[in-house]
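> can you look at this prediction? I've put the sequence above it.
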Amino acid sequence: MKNALYAIFAIVFLASCSHPDKKILPIYGERQTVSKTVDGKTEVDTIYKTIPPFTFVNQYGKTITEKDLDGKIYVADFFFTSCPNICPIMQRNMLAVYNEFKADSGVKILSHTIDPRHDTVPVLKEYADKLGIGGNSWWLLLGPKEATYTLAEKHYLVAVNDKGEGGYVHQGWFVLIDKQKRIRGAYDGTDVNAVKQLIADMHTLEQE
Amino acid sequence: MKAKFLFIIALFITIAAIVSSCQSESDMTFNRYYTSGSLLYQTKCQNCHGMNGEGLGQLIPPFSDSVYLKKNITKLPCFIKNGANGAITLAGKTFNSKMPAQDNLSAIEVGEILTYVTNSFGNKLGLIDAPKVNADWTNCN
């Protein structure tokens, strides 16, 4: 099921590359069509998968919900502060995204910790300070483990679990979400070139 | 007269060849360490310390501080073997995060990595070979 989704990601991604002139980012995730009757005519509407409401706490101890992202585009990823393997390179690449958009209030970055027992608010704040990020464009989010894991696997389609090196495993995807909370891209956060593409696509998506 | 002249030239070329091959012997050792080190760096170190040895904020130290590296050159093999813990100050910042031990590396591999690191990113501290790594390891805390 998951592999099939990635295959669809890959196909749609490749297909989207053939029209570089007027680029519209694809919309990912399962979709439903609904028929409804308007003025006696039957119209078919497509309902796209969206990220459901959530409540987390950021590195400043402030509650963040999906409402704080209304009308904004954002990038989400999953990490933990004591991560020994792919996190440093992901954070280095996310710093490039942060530096590109930190003055832009229409863009946010959401990094969810998958190790809420260790990564408390003070730990996240210290991590943010050491990473050199300030302000409110990049939030490190803490929440119940179940809520984070469900959001990752069911909605952002990123696999995470707690059985790996350093205690946890997570994939390095940076997931791009549009103003309607739909998934518009997934980029390998460990790959500099993929992240350059993400930054380019974010500029495209902002114009929608 | 002509024969003597040719002999002198031949002698000169021979000496020059010996001298230059002596140099290239140590150069070769250095280059072998450095090249292997650059490959090992990519697989063992680059993820955290970065492609250009730039580190990450105040979380992961960079390799740009030649003075620190030179001063602590005998401790570097221990950092790799046993990991590093506790505060260190370099490049104008204090770092307090834990570095995981890389205890699956041989002395020659550690020498290769250190030769690469201490001769890249603006550093030029020469060869660190396997015997030196082994000697430094006996003095680890």
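Perfect, I can see it now.
> any stretches of chain A with poor pLDDT?
A:1-22, A:85, A:163-169 (pLDDT under 70).
> on the three-state scheme, the residue of it found nearest chain B is what?
Residue nearest to chain B within chain A (C-beta to the nearest C-beta): A:Lys130, separated by 3.9 Å. C-beta coordinates here come from the backbone N, C-alpha and C atoms, glycine included. Look at A:Lys130: counting by DSSP: H, G, I helix; E, B strand; the rest coil, its state is helix.
> nearest spatial neighbour of it, chain-adjacent residues omitted?
B:Gln58 (3.9 Å; C-beta to C-beta, 6 or more residues apart in numbering or on different chains).
> what sits against that neighbour?
A:129-132, B:93-95 (C-beta atoms under 8 Å, 6 or more residues apart in numbering or on different chains).
> now the helices for chain A?
A:2-17, A:87-101, A:121-131, A:145-150, A:192-206 (DSSP state H).
> of all the residues in the second one, which ones are buried?
Of the residues in helix A:87-101, those with enough neighbours to count as buried (16 or more other C-beta atoms under 10 Å in any protein chain shown) are A:87-95, A:97-98, A:100-101.
> around B:Met99, count how many other residues there are.
B:Met99: 18 surrounding residues under other C-beta atoms under 10 Å in any protein chain shown.
> same check on A:Ser111?
27.
> and it, bridged to which residues?
A:Asp77, A:Leu140 (DSSP bridges).
> from what I can see it touches A:Leu95, true?
No. Look at A:Ser111 against A:Leu95 with C-beta atoms under 8 Å: they stay out of range, at 11.2 Å.
> quick check: residues of chain B near chain A?
Residues of chain B found near chain A (C-beta under 8 Å from any C-beta of the partner chain) are B:47-48, B:50, B:56-60, B:97, B:100.
> circling back: which ones, among the buried residues of helix A:87-101, also lie beside chain B?
A:88-89, A:91-92, A:95.
> distance check, the spatially most central residue of chain A against A:Val192.
A centroid search over chain A (C-alpha atoms, centre = their mean) returns A:Ala76, at 2.3 Å, as the residue closest to the centre. A:Ala76 is 19 Å from A:Val192, where distance means C-beta to C-beta, to the nearest Å.
> same question for A:Gly29.
As judged by C-beta to C-beta, A:Gly29 and A:Val192 stand 26 Å apart.
> same check, this time on A:Val158
Distance, A:Val158 to A:Val192, by C-beta to C-beta: 20 Å.
> repeat for A:Gln171
17 Å.
> more crowded one of the two?
A:Gln171 (17 against 14).
> quick check: the more buried one touching A:Ala159?
Yes. Using C-beta under 8 Å, A:Gln171 makes contact with A:Ala159 at a distance of 5.1 Å.
> what residues are up against the residue lying closest to B:Leu125 once chain neighbours are set aside?
The shortest distance from B:Leu125 to any residue other than its chain neighbours is 3.9 Å, reached at B:Thr118 (C-beta to C-beta, 6+ apart). Going by C-beta under 8 Å, 6+ apart, B:Thr118 touches B:69, B:73, B:76, B:124-126, B:128.
> now do the buried residues in stretch B:83-90.
B:84, B:88, B:90.
> and the last one, what are its bridge partners?
Looking back up the chat, that one is B:Leu90. B:Lys93.
> re the thing from before, the residue nearest to A:Lys130 is in what secondary structure piece?
B:Gln58 belongs to no helix or strand when assigned by DSSP states H and E.
> between all of the contacts of B:Thr118, which two are separated the most?
B:Leu76 and B:Lys124 (15.3 Å; C-beta to C-beta).
> which helices and strands sit right next to the lowest-mean-pLDDT helix or strand in chain B?
Scoring the helices and strands of chain B by mean pLDDT, DSSP states H and E places helix B:2-44 at the bottom, with a mean of 83. On a contact count with 3 or more C-beta pairs under 8 Å, 6 or more residues apart in numbering or on different chains; DSSP states H and E, helix B:2-44 meets helix B:107-117.
> what helices or strands is the helix it packs on leaning on?
Looks like helix B:107-117 contacts helix B:2-44, helix B:76-82, helix B:130-137 (3+ C-beta pairs under 8 Å, 6+ apart).
> C-terminal to the first one, what's the next element?
In other words, helix B:2-44. Using DSSP H and E, the helix or strand that directly follows helix B:2-44 along the chain is helix B:46-49.
> and the contacts of that following helix?
With C-beta under 8 Å, 6+ apart as the test, helix B:46-49 has contacts from A:85-86, A:88-89, B:55-56, B:60-63, B:99.
> in TSV: those residues, plus distance to A:Lys125.
As requested, these are exported to TSV (distance: C-beta to C-beta, whole Å):
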residue	distance to A:Lys125
A:Asn85	23
A:Ile86	23
A:Pro88	19
A:Ile89	22
B:Gly55	20
B:Leu56	17
B:Ile60	18
B:Pro61	21
B:Pro62	23
B:Phe63	28
B:Met99	22
